[in-house]
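1. coords below, sequence missing:
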């Protein structure tokens, strides 16, 4: 009996459609532009995660994911507000839930990737075309959580966007990120398997 040959292609995982979540029944939330912007904050009607790229960094499988917002002001087109690597989603979700439940601001440090080549781990797309972050600040209010960031080497902090603080949002967001994290880990496992198979073929 001949087994199926190993596949060298990744399984298509439509993270964008699988994770889209409406915020229309939640307290009004906005994405803020940089402090000097002339445009008003953009209302957020939905959020989703998207697998932006899958490649290899210093010999290991690596993923880049974006948190996107959708707004009627932008014809429901997805607009990325955060970009991050495969290790970010779990701690960010824990930090968001902790800030929401304790009502205490949470500062989440972004630890640089070890290695000779410096690689961005988290960037924001609200104030520019991909600004590297060293810290994310989650500030709870009565109905929303402000997601801010420390950018650059100075003590500059920008408010990026808001997310609801309701119990219903916390449950839905946790479920969404759990499903996304599992899909990302499955994709990493597929990439590592393909790399091993290709290495055997070359050997």
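-> On my side now, so go ahead. Bear in mind the structure is a predicted one, so any value in this text is a computation, not a measurement.

2. Where does pLDDT dip in this structure?
-> 1-13, 33-39, 113-118, 152-154, 199-203 (pLDDT under 70).

3. Would you map the helices across this protein?
-> Here the chain has its helices, by DSSP state H, at 15-19, 89-102, 167-202.

4. Any chance of TSV for the ones you listed, columns mean neighbour count and distance to residue 72?
-> In this view, the C-beta of every residue, glycine as well, is placed from N, C-alpha and C. TSV is the format used below for those (neighbours: other C-beta atoms under 10 Å; distance: least, C-beta to C-beta, whole Å):
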stretch	mean neighbour count	distance to residue 72
helix 15-19	15	18
helix 89-102	17	25
helix 167-202	15	19
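
5. Minimum distance to residue 60: which of those helices has it?
-> helix 167-202 (7.9 Å; C-beta to C-beta).

6. Which secondary structure elements does the closest one sit against?
-> In terms of contacts (3 or more C-beta pairs under 8 Å, 6 or more residues apart in numbering; DSSP states H and E), helix 167-202 is packed against helix 15-19, strand 21-22, strand 46-57, strand 60-70, helix 89-102.

7. try it again with 6 Å
-> helix 15-19, strand 60-70, helix 89-102 (3 or more C-beta pairs under 6 Å, 6 or more residues apart in numbering; DSSP states H and E).

8. quick revisit: quick one, which of the helices of the chain gets closest to residue 142.
-> Of all the helices of the chain, helix 89-102 sits nearest to residue 142, with 11.3 Å by C-beta to C-beta.

9. Thanks again, I'm all set now.
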